[in-house]
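Asks: sequence and predicted structure, then a few things I'm wondering about:
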Amino acid sequence: MLHSDFEHETIDPRIQAAAEEGCDESRLYINRRALLGVTASLSAWAFLPRSASAAGSNLSEKRLLVVLLQGGMDGLHVVPPIGDPAYHGQRGMMALDASKLLPLDPSNYFYFNASMPNFYKAYGQGQAAIVHAIAPPLRERSHFECMYNLEAGLPGQQVRSSKTGWMNRLLGHLPIGENVMSNGLQLGNAPLILTGPQPTLSWTPDRWAASTISTQSLYDAPIAPGRTDKTDPVLSDLLSRGKSIREMALAASDGKPIVNAAFHGAGNLMKAPNGPRISAMQIVGFDTHVSETGGLANMLSSLDSCIQDFRNALGDDAWANTVVACVSEFGRTVHDNGRNGTDHGVGTAALLIGGAVNGGKVIADWPGLAKLQDDRDLVATTCTRALFKGILRDHLGITRDVLDNDIFPMSADVSPMNKLIKSA
Amino acid sequence: MRLGLGPKPDSRALIGSGADAAYDACLAELNNPAAALIADNDVIVKYGPNWAPFQGHPYPATAANCGAVGVNPMSGNFNLCIFQAEDTARYVKYIQPKVGFLERLVLFWNNHFSTSHKARPWLGHMERTAIRANVLGNFGDMLAAVVTHPAMIAYLDNNTSVGMNSPLAKKNPAFNYRHNENLAREIMELHTLGVNGGYTQGDVTSFAKVLTGWQIANINSTTPGQFVYVPEAHEPGAQTVLGKTYAQPDLAQGKAVLSDLASHPQTAQHIATKLIRHFITDSPSDADVSTLANVFVSNKGNLFAVSKALLELPSAWTEPFARIRKPYFWMVSITRGLGMNATQMVDNTWRYNVFGNYMGHYPWSHITPDGYPDDNDYWMTADALRVRNDISCKVVSTGVGLPRWPGQRPAVLAENLLGTCLTPSLKDKLTASRDDRAAFPLLFMSPEYLWS
């Protein structure tokens, strides 16, 4: 099939070739990859934080990108605790061999999956950290409920009682500076984590060269002869803002797979003097009920190259003030499910990377694998709210009172994690 | 346009202009449920590698053919070929009805029972045999047909769900067989009761055990790739779900649970709310929800009655057009507006697939089983409108839809399609334009086309 009027090929030709030869694994990959492209758009706060924008060079402003890994990432497969005496026995067919992994600590307790070489390199440079045995407070093993809980930032028992996400509530506590993009604001179309009264904007990577034809003139035209009001001011405003956002994100992303272009564009936007500073992205495809070994390797490899593209676009100076936090809604069953896969579990790992990250360490109050949650899952000893609180306090200067009562309501019992951020 | 797929050339004239004309046109579609059906022989898979069972010849997407492709590791890209043939068959349906209310109901249920690429090659077959066949039938029948379809079994991983105390597990202790909760959980959370429907983790686990052995027949079976009940994999014994004990043997146990879930009052509430949120408003009134839920209950889940009641909600006709039309429906409305014929629809299906995925809205493409949301905030964004602007221009620049309709000029077409709804500013712009490549995007990006 030659679809020559679409300039951007969305699938890696090597994967396509493998798929046409009938490799099941790569077909799975294509599907995930294609879907990744759809969902990996950027959502961001529509303001610059004032304290930051007043600081002189925009490159010194603090940046935060939260990446939601949807589907329940198997933390034990990404960061295997090979040194845990119960590891091989409990893990069943999913147990990995240390010789195919990368060591993370001198005692050879935790290892890292070899599919993320860039992350591992940053870890060695002290710019990446791992928080293990972590989960949102709701332990129900439902994608929708646990991701909702993670994004809403609520205690575990507060099911579906919030219409706003914790990042949007965070924005309400940052001093408002100039508008991002300078021409207006927009509510909505963010994932829940950024949904709320604070305005957000979003951007999706191009699939082909954009048309020069615009329907803007229709919305701006007088609605009828002799009238002065626009035909549709709402659509007019929307479209003009959509075009501005795209212009910021464009630049040097030609030829990249869509999901990589999305992260590249995110880097461009977050680097720009008037671009967003607080953003979120989502990646779908971590729900590894089957074919986990190959499927997760592909997902991790993609995530790793995406983060690298983001970092390259952002540039070293802005990267030095950036935290990227990759979190998932739950982990997976410790034991395999008999089909080279795992089912919904509890504890997982979170990945932090960025020049501002106080990295080079695995942070865990390790519960051990001898005793499991409900005899099946890794116990989560750290709450995702503790991780976010630590980042917000030390990277963005949010006070404990605000963290405990507004951004993460009813969470006074959850202490912020310490020493996640370099300057702190 | 709220209840349908957008006007076709001359459809306004055919529907008429009386006070009840639009209602009558929708009702007429409900009175002809057979119009929703797509036969196996209307889905012809035309190409693919030279694989022995088909030898490159065209073949219909029967259960047997889809199944053979689904379970044979040598089938290569055949599942993609079937997907494309299935996808194409729908576009031919979209251009036929005057309003498209029945097709919109099909799309609603397609999204309610959301599946995605993981369930190829059975996706289209499930929609045709489980959803289209029951779209105005009984909800319980639709639910049972979906849950016993290999598409849903594959999508929600039930094929690998084996009871820990089943004969199969006892015989092969080294395989660590166990039940998989995915299908059971999503049936309760998404398909029937809804997330706050009053079930517990214990109910999910019990229901998952009930569904053990509901599988897809393997390649050596007489019906490869079709639904099969495997007694050796079934967790033996009675299970308690939502406080009721189910002691039936084998398949009957699960059928009984499904039947009770389908007729549960919480299910009626959940379905009623979703229908109103999909078709009318982000914020359904309690009165509307209870009207529709009561119809659901009193008619024992009869979807003709429920759909007719939806049509008869005053809010369906009086709620202001304040939500942006969802991208896929908008794209289909363009093809209808341009008066495309069946051949053109078939030839351009692959393009619609690219457009739909760009806009993030395409049947069988939402990876999570909750389907696409109905919230206006999710769809109405600056970036999304910019993407639609690009697509409306791409439609024209690639010649996909330059009208073969007599009359040709955009202003004439717009008046035919929109009648008295055509705003003067749009009419002026279209009349003044000397360049159709710039005019057609205006028509389809107009407020008339975008608001719903």
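Replies: Done, it's in. None of these values were measured; they are calculated from a predicted model.
Asks: from now on I want contacts and neighbour counts done on CA atoms only, so please keep to that.
Replies: Noted.
Asks: report the contact partners of residue 299.
Replies: In the absence of a named chain, chain A is used. Applying CA atoms under 8 Å, 6 or more residues apart in numbering or on different chains, one finds that A:Met299 lies in contact with A:Gly285, A:Phe286.
Asks: could you do chain B instead?
Replies: Taking CA under 8 Å, 6+ apart, one finds B:Ala305 in contact with B:Asn299.
Asks: could you pull up phi and psi at it?
Replies: phi -100, psi 20 (degrees, to the nearest 10).
Asks: give me the pLDDT for it.
Replies: We have a pLDDT of 98 for B:Asn299.
Asks: so which bits of stretch B:17-32 are buried?
Replies: B:Ala22, B:Tyr23, B:Ala25, B:Cys26, B:Leu27, B:Glu29, B:Leu30 (16 or more other CA atoms under 10 Å in any protein chain shown).
Asks: what's the average pLDDT for it?
Replies: On average, stretch B:17-32 scores 93.
Asks: hang on, the earlier thing: go through the buried residues of stretch B:17-32 and flag which are in strands.
Replies: Using DSSP state E, no member of those sits in strands.
Asks: let me see the ranges of the helices in the stretch 301-424 of chain A.
Replies: A:316-319, A:384-396, A:400-402 (DSSP state H, counting those that start in this stretch).
Asks: contacts for the longest one next, please.
Replies: Translated: helix A:384-396. Contacts of helix A:384-396 (CA under 8 Å, 6+ apart): A:62, A:134-137, A:150, A:153, A:356, A:398-400, A:403, A:408, A:414-421, A:423-424.
Asks: please identify the buried residues of it?
Replies: Taking 16+ other CA under 10 Å as the criterion, helix A:384-396 shows A:384-396 as buried.
Asks: before we move on, what about stretch B:346-358?
Replies: Those would be B:Val346, B:Asn348, B:Thr349, B:Trp350, B:Arg351, B:Tyr352, B:Asn353, B:Val354, B:Phe355, B:Gly356, B:Asn357, B:Tyr358, for stretch B:346-358 by 16+ other CA under 10 Å.
Asks: swap in stretch B:157-171?
Replies: B:157-170.
Asks: within reach of chain A, which of those residues are there?
Replies: When contact is defined as CA under 8 Å from any CA of the partner chain, the buried residues of stretch B:157-171 meet chain A at B:Asp157, B:Thr160.
Asks: need the buried residues of stretch B:157-171 in a markdown table (columns: pLDDT and secondary structure).
Replies: Listed next are those as a markdown table, based on pLDDT from 0 to 100; DSSP: H, G, I helix; E, B strand; the rest coil:
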| residue | pLDDT | secondary structure |
| --- | --- | --- |
| B:Asp157 | 82 | coil |
| B:Asn158 | 92 | helix |
| B:Asn159 | 89 | helix |
| B:Thr160 | 85 | helix |
| B:Ser161 | 92 | coil |
| B:Val162 | 95 | coil |
| B:Gly163 | 97 | coil |
| B:Met164 | 96 | coil |
| B:Asn165 | 97 | coil |
| B:Ser166 | 97 | coil |
| B:Pro167 | 97 | helix |
| B:Leu168 | 96 | helix |
| B:Ala169 | 96 | helix |
| B:Lys170 | 96 | helix |
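Asks: could I get the pLDDT score of A:Leu378?
Replies: 97.
Asks: nope, A:Trp366 is what I was after
Replies: 97.
Asks: now it. Nearest residue, chain neighbours left out?
Replies: A:Ala133 (6.6 Å; CA to CA, 6 or more residues apart in numbering or on different chains).
Asks: next up, phi/psi of that neighbour, please.
Replies: Dihedral angles (degrees, to the nearest 10) for A:Ala133: phi 60, psi 50.
Asks: OK, contacts around it?
Replies: A:75, A:347-349, A:364-367, A:378-382.
Asks: all the strands of the stretch 301-450 of chain B, in order from the start?
Replies: Here the stretch 301-450 of chain B has no strands by DSSP state E, counting those that start in this stretch.
Asks: within range of chain A, give me the residues from it.
Replies: Contact residues (CA under 8 Å from any CA) of the stretch 301-450 of chain B with chain A: B:357-360, B:365-367, B:377-386, B:389-390, B:393-394, B:398, B:423-426, B:429, B:438, B:441-442, B:445-447.
Asks: any weak-confidence spans in chain B?
Replies: B:47-50, B:76, B:118, B:367-368, B:399-408 (pLDDT under 70).
Asks: ok, stretch A:83-92 near chain B or not?
Replies: No: using CA under 8 Å from any CA, stretch A:83-92 stays clear of chain B, coming no nearer than 8.8 Å.
Asks: which residues touch that stretch?
Replies: Stretch A:83-92 has contacts (CA under 8 Å, 6+ apart) with A:Pro81, A:Ile82, A:Ala95, A:Asn108, A:Tyr109, A:Phe110, A:Val334, A:His335, A:Asp336, A:Gly368, A:Leu369, A:Ala370.
Asks: now a ChimeraX select for only the buried ones of the residues you listed.
Replies: Provided next is the ChimeraX selection string for whichever of the contacts of stretch A:83-92 are buried by 16+ other CA under 10 Å:
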select /A:81,82,95,109,110,334,335,336,368,369
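Asks: okay if I get the contacts of stretch A:83-92 as a markdown table plus distance to chain B?
Replies: Listed next are the contacts of stretch A:83-92 as a markdown table, based on distance: CA to the nearest CA, whole Å:
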| residue | distance to chain B |
| --- | --- |
| A:Pro81 | 22 |
| A:Ile82 | 22 |
| A:Ala95 | 14 |
| A:Asn108 | 29 |
| A:Tyr109 | 27 |
| A:Phe110 | 26 |
| A:Val334 | 13 |
| A:His335 | 9 |
| A:Asp336 | 8 |
| A:Gly368 | 22 |
| A:Leu369 | 18 |
| A:Ala370 | 18 |
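Asks: most widely separated two among the contacts of stretch A:83-92?
Replies: A:Asn108 and A:Asp336 (23.4 Å; CA to CA).
Asks: okay, now residue 311: neighbour count?
Replies: No chain in the question, so chain A it is. As a burial measure, A:Arg311 scores 25 neighbours (other CA atoms under 10 Å in any protein chain shown).
Asks: I was thinking of chain B, sorry if that wasn't clear
Replies: Counted with other CA under 10 Å, B:Leu311 comes out at 19.
Asks: measure it to B:Glu319 for me?
Replies: 13 Å (CA to CA, to the nearest Å).
Asks: how close does the nearest residue to B:Leu123 once chain neighbours are set aside get to A:Phe286?
Replies: Take B:Leu123 and drop its neighbours on the chain: the residue closest to it by CA to CA, 6+ apart is B:Ala151, 5.7 Å away. Relative to A:Phe286, B:Ala151 is positioned 20 Å away (CA to CA).
Asks: any idea what A:Ile134 is bridged to?
Replies: A:Thr348, A:Thr382 (DSSP bridges).
Asks: what's the nearest residue to B:Asn134 if we skip its chain neighbours?
Replies: Nearest to B:Asn134 is B:Met142, by CA to CA, 6+ apart, at 5.5 Å.
Asks: part of a helix, is the one you found?
Replies: Yes: according to DSSP: H, G, I helix; E, B strand; the rest coil, B:Met142 belongs to a helix.
Asks: burial of it, as a residue count?
Replies: For B:Met142, using other CA under 10 Å, the count is 23.
Asks: disregarding residues adjacent in the polypeptide, which is nearest to A:Leu314?
Replies: A:Gly267 is the one closest to A:Leu314 (CA to CA, 6+ apart), at 4.5 Å.
Asks: mind checking how far that neighbour is from B:Leu5?
Replies: Distance from A:Gly267 to B:Leu5, by CA to CA: 39 Å.
Asks: ok but A:Leu68 is inside a strand, no?
Replies: Yes: judged by three-state DSSP, A:Leu68 forms part of a strand.
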